[in-house]
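Novice: Pasting a predicted model and its sequence here:
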Amino acid sequence: MKRLLVFWMLVLAAVSTMAQESPATHASVTAYLQTLLTEPVDTINLRVDQLIDSVGRQQPELQSSVAGIAFDYFSTSPIMGHEGVAVHIADNWFLNNKLKLENEQLYPILYTFAEFNRSSLVGRPAPSLQMQSLDSIPTEIREAASTYKVLFFYEPDCSSCRKETPLLADLARNYHGDPITLFAIYTQADRAAWETYVQEWFSNIENPDVTIVHLWDPEAETGFHKKYGVLSTPMMFLLDNQNIIIGRGLDTESLSQMLGLQNAQTLQYKQLFDNIFGNFDPLTIDHVEGLADAFAERVREDPDLYAEVMVHLFNYLRSSDNFAQQQGALYVAEKYIASEPDYWSPEFLERTVYALAKARLNPVGGKATQLYLQKKCGKTVPMYKTGRHWYTLVFFHLIDCQQCQKEIKELRQLNPAFYDLDIQVVMVYVGQDEDNWKRFVRRQQPIRWTFLNDFKGTSNMRMLYDLDFVPHLYLLDEQGTVVAKDIRASELKDLLPLL
């Protein structure tokens, strides 16, 4: 990597020779370019093209000089995104032979700069990258389901990496907000050095909002250097949930600031939706669907805003405790995401269609899929029995899930009503920590609920029920028909008098 860094410095030095012109010309062009710094990249590209055109085709040497000055200015700019302007100048003026470089030996260098930057520019879809994890599992970075993805290319012997890594580790340890996946990508081939570095900096990080995945490509078979312009380390990117690059060449401080802004935007959308949906009491599925249609209609003409609003609306509804809003998430997923693939990244579309299919499992009014699970003694029994109780309440949960614990506490308070209505409570543990589960059952036994697990892994419950998120609560009648699903204990409390 050090040799690549030296090469890159030579490239920038060589490229700067394109901009050699009289001091007056250089100063006047640079002064104009400085007035464009706050403009979007597309606007800068347009203004630069107009500047070069204004010189006139009768002065090709001067045009070439002005283009070279602009290329040099934006290729070395510290402002994120300006490398896109440099790539535009290279493609639009030099590499297509519109203008000629005075020194033709610079063409390979110009080409190299464009090739090592064009696929990882801000605003572009992140290139596909499948690498091996620390556990030798092939992992595609674009397929992570988190809201944001951070790519951190590093090597242990890089002094800048050793300064940046502990800062990034602290961010991962203390971050709170929309879920992120941090892909820590080792760029060298010494596995022992890699494992030591991972153990040194990332071994004690436990944060439910952050997933850390360690990757490498020792033979550089993926072409990650070119795909992501990794000519020196550290190199850091931020991707959104559509796998669009929204941050490039970041350090931890700028990454933290960007994540803060993104989370603030999510909070603003949440507050907006809370205010709008909160005006309806009771809130019905028809209300939610009507509001979703209204949102879509208002922002349809702006594709970027449309995608932003509908993603935030879908995530808001999907994470809601309200049954009508949860059903509204399915409506948004089906009408505005699954049926409009051109707006979304393939991975986001695939995840949404998958979530839609899972949510359709065991619908209200249909017979609940029977599962055969194990009791504490190891005996296999059916999850529910028909004709035994008027109702069966099935609660899928994890022990360390805070929302699960909150729901269990509220269910305990409803326990007298369960006896009066002959409702059998079945607690289905979806985790694999057997010791923790047994301790949990011992604490709960006085309630006389049924506690089941699938430590043998024979029930296929995750394919037969929507268990990507817990808790999940199903109310079944005496024949096993689903009366209600995905409701909370507070909604169940309102439903009990109607049974």
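Specialist: Structure's in. What do you need? These figures come from a predicted structure and were not determined experimentally.

Novice: could you pull out the helices for the stretch 1-150 of the chain?
Specialist: 2-16, 23-34, 41-55, 60-75, 83-89, 107-115 (DSSP state H, counting those that start in this stretch).

Novice: most neighbours per residue, which of these?
Specialist: Burial of the helices of the stretch 1-150 of the chain is given as mean neighbour count (mean count of other CB atoms under 10 Å); helix 83-89 ranks first at a mean of 24. C-beta: built from backbone N, CA, C; applies to glycine.

Novice: Kindly list the main-chain dihedrals of Tyr186?
Specialist: Main-chain dihedrals, Tyr186, degrees, to the nearest 10: phi -80, psi 130.

Novice: Would you mind naming the residues that bridge with it?
Specialist: Tyr154, Trp216 (DSSP bridges).

Novice: Let's have the helices of the stretch 1-150 of the chain in JSON lines, adding distance to Asp454 and mean pLDDT.
Specialist: Converted to JSON lines, those look like this (distance: least, CB to CB, whole Å; pLDDT from 0 to 100):
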{"stretch": "helix 2-16", "distance to Asp454": "50", "mean pLDDT": "44"}
{"stretch": "helix 23-34", "distance to Asp454": "63", "mean pLDDT": "83"}
{"stretch": "helix 41-55", "distance to Asp454": "52", "mean pLDDT": "92"}
{"stretch": "helix 60-75", "distance to Asp454": "57", "mean pLDDT": "91"}
{"stretch": "helix 83-89", "distance to Asp454": "50", "mean pLDDT": "95"}
{"stretch": "helix 107-115", "distance to Asp454": "51", "mean pLDDT": "90"}
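
Novice: mind checking which of these is nearest Phe202?
Specialist: helix 2-16 (23.6 Å; CB to CB).

Novice: Please name whichever of the helices of the stretch 1-150 of the chain is nearest to Ala144.
Specialist: helix 83-89 (24.8 Å).

Novice: quick one: contacts of the closest one?
Specialist: 41, 44-45, 48, 67, 70-71, 74-75, 77, 113-114, 117-118, 121-123, 229, 248-249 (CB atoms under 8 Å, 6 or more residues apart in numbering).

Novice: Find the nearest non-adjacent residue to Pro138, please.
Specialist: Using CB to CB, 6 or more residues apart in numbering and skipping the chain neighbours, the partner closest in space to Pro138 is Gln130 (5.7 Å).

Novice: ignore the last one, Asp321
Specialist: In space, Asp321 is closest to Arg488, 4.7 Å off (CB to CB, 6+ apart).

Novice: what about the one you found, how many neighbours?
Specialist: For Arg488, the neighbour count with other CB atoms under 10 Å is 19.

Novice: residues in contact with it?
Specialist: Neighbours of Arg488 in contact, by CB under 8 Å, 6+ apart: Asp321, Glu407, Glu410, Leu473.

Novice: In helices, which of those residues appear?
Specialist: Judged by DSSP state H, these include Glu407, Glu410 as members of helices.

Novice: So how do I select the buried members of the contacts of Arg488 in ChimeraX?
Specialist: Restricted to buried positions by 16 or more other CB atoms under 10 Å, the ChimeraX selection for those reads:
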select :407,473
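
Novice: which of the contacts of Arg488 lies closest to Tyr269?
Specialist: Asp321 (17.4 Å).

Novice: Now do the same contact list for the closest one.
Specialist: Arg488, Ser490, Glu491.

Novice: pLDDT score for it?
Specialist: Asp321 is assigned a pLDDT of 70 by the prediction.

Novice: And for Val353?
Specialist: 87.

Novice: For the closest residue to it other than its chain neighbours, grab the count of nearby residues.
Specialist: Distance criterion CB to CB, 6+ apart; nearest residue to Val353, sequence neighbours excluded, is Ala338 at 5.2 Å. When neighbours are defined as other CB under 10 Å, Ala338 has 16 of them.

Novice: same deal with Arg448?
Specialist: 11.

Novice: if I look at it, how far off is Phe280?
Specialist: Arg448 sits 39 Å away from Phe280 when distances are taken as CB to CB, to the nearest Å.

Novice: what do you get for Lys270?
Specialist: On the measure of CB to CB, Lys270 and Phe280 end up 17 Å apart.

Novice: pLDDT score assigned to the residue nearest to Val353?
Specialist: On the pLDDT scale, Ala338 gets 92.

Novice: Check Gln58 too.
Specialist: pLDDT, read off for Gln58, is 74.

Novice: so what are the domain limits for this protein?
Specialist: 2-115, 130-252, 278-332, 372-498 (automatic domain parsing).

Novice: for those, which one sits closest to Gln265?
Specialist: Per CB to CB, nearest to Gln265 of those: domain 278-332, 8.0 Å.

Novice: Longest helix of this protein, counting residues only.
Specialist: helix 252-277.

Novice: If we go by neighbour counts, what in that one is buried?
Specialist: Within helix 252-277, judged by 16+ other CB under 10 Å, the buried ones are Thr252, Leu255, Ser256, Met258, Leu259, Gln262, Asn263, Thr266, Tyr269, Phe273, Phe277.

Novice: correct me, but the fourth one touches Arg248?
Specialist: Read that as Met258. No. In this structure, Met258 is not within contact of Arg248 by CB atoms under 8 Å, at 10.6 Å.

Novice: Between those two, which contacts overlap?
Specialist: Shared contacts of Met258 and Arg248, counting by CB under 8 Å, 6+ apart, come down to Leu238.

Novice: just to revisit the earlier point, could the buried residues of helix 252-277 go into a markdown table alongside pLDDT?
Specialist: What follows is the buried residues of helix 252-277, written out as a markdown table (pLDDT from 0 to 100):
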| residue | pLDDT |
| --- | --- |
| Thr252 | 97 |
| Leu255 | 97 |
| Ser256 | 97 |
| Met258 | 97 |
| Leu259 | 97 |
| Gln262 | 95 |
| Asn263 | 95 |
| Thr266 | 94 |
| Tyr269 | 96 |
| Phe273 | 96 |
| Phe277 | 95 |
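
Novice: now these as a markdown table including distance to Arg443?
Specialist: A markdown table is the format used below for those (distance: CB to CB, whole Å):
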| residue | distance to Arg443 |
| --- | --- |
| Thr252 | 42 |
| Leu255 | 42 |
| Ser256 | 40 |
| Met258 | 43 |
| Leu259 | 38 |
| Gln262 | 40 |
| Asn263 | 36 |
| Thr266 | 36 |
| Tyr269 | 39 |
| Phe273 | 38 |
| Phe277 | 37 |
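
Novice: quick one: which of these is nearest Lys98?
Specialist: Met258 (35.7 Å).

Novice: and the closest residue to that closest one other than its chain neighbours, how far is that from Lys149?
Specialist: Once flanking residues are discounted, Met258 sits nearest to Gly247: 5.1 Å by CB to CB, 6+ apart. Gly247 sits 10 Å away from Lys149, going by CB to CB.
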